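In: sequence and predicted structure are below.
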Amino acid sequence: MEMLDYPLFGRKFTWSNERQNTTLTRIDRVLVSKEWDLAFPQFQLTPASYNISDHCPLLLSKMVRKHYAGFRFEAHWLKCDDFLSVVQYAWEKGVSSKDAICVLHTKLSRTSKALRKWSRGKTS
């Protein structure tokens, strides 16, 4: 039976020697058969927190598909006096990630959420 190395999302490595000259490797893996992979395409392997070990536990879970309502920027917001302060406050909140894509995604999500909330307050 041929086994597949299940892809890990969100991290390249699962172990660190936690020393000054860091060694990072992916020694923790999940192997699945082709049949399992075809039968369960909605599953995803993600890293869990590794605060208590030098290994990163792996979490195999069903992906949750969220309906995204989208974000629509309204040009007239630029004319509002408090628009820039809403954007600046949301954008400058700290993000606890070193992954640039994750940081950007978080900042954009927070900013769009803040603008939606702010806009609802303007119209009510």
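Out: Yes, it's here. Residues are numbered from 1 along each chain as shown.
In: quick one: buried residues of the helix or strand residue 108 falls within?
Out: Under the criterion of DSSP states H and E, residue 108 resides in helix 100-123. Of the residues in helix 100-123, 106, 110-111, 114-115, 118-119 count as buried by neighbour count, 16 or more other Cβ atoms under 10 Å. Backbone N, C-alpha and C define where each C-beta goes, glycine included.
In: likewise for stretch 41-53?
Out: Going by 16+ other Cβ under 10 Å, stretch 41-53 has these buried residues: 44-45, 47.
In: returning to what we had before: format the buried residues of helix 100-123 as CSV; extra columns: distance to residue 56 and pLDDT.
Out: As requested, the buried residues of helix 100-123 are exported to CSV (distance: Cβ to Cβ, whole Å; pLDDT from 0 to 100):
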residue, distance to residue 56, pLDDT
106, 21, 93
110, 26, 94
111, 30, 95
114, 32, 95
115, 35, 95
118, 38, 94
119, 40, 92
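In: distance of the spatially most central residue of the chain from residue 31?
Out: With distances taken as Cα atoms, centre = their mean, residue 102 lies nearest the centre of the chain, 5.5 Å away. Residue 102 is 27 Å from residue 31, where distance means Cβ to Cβ, to the nearest Å.
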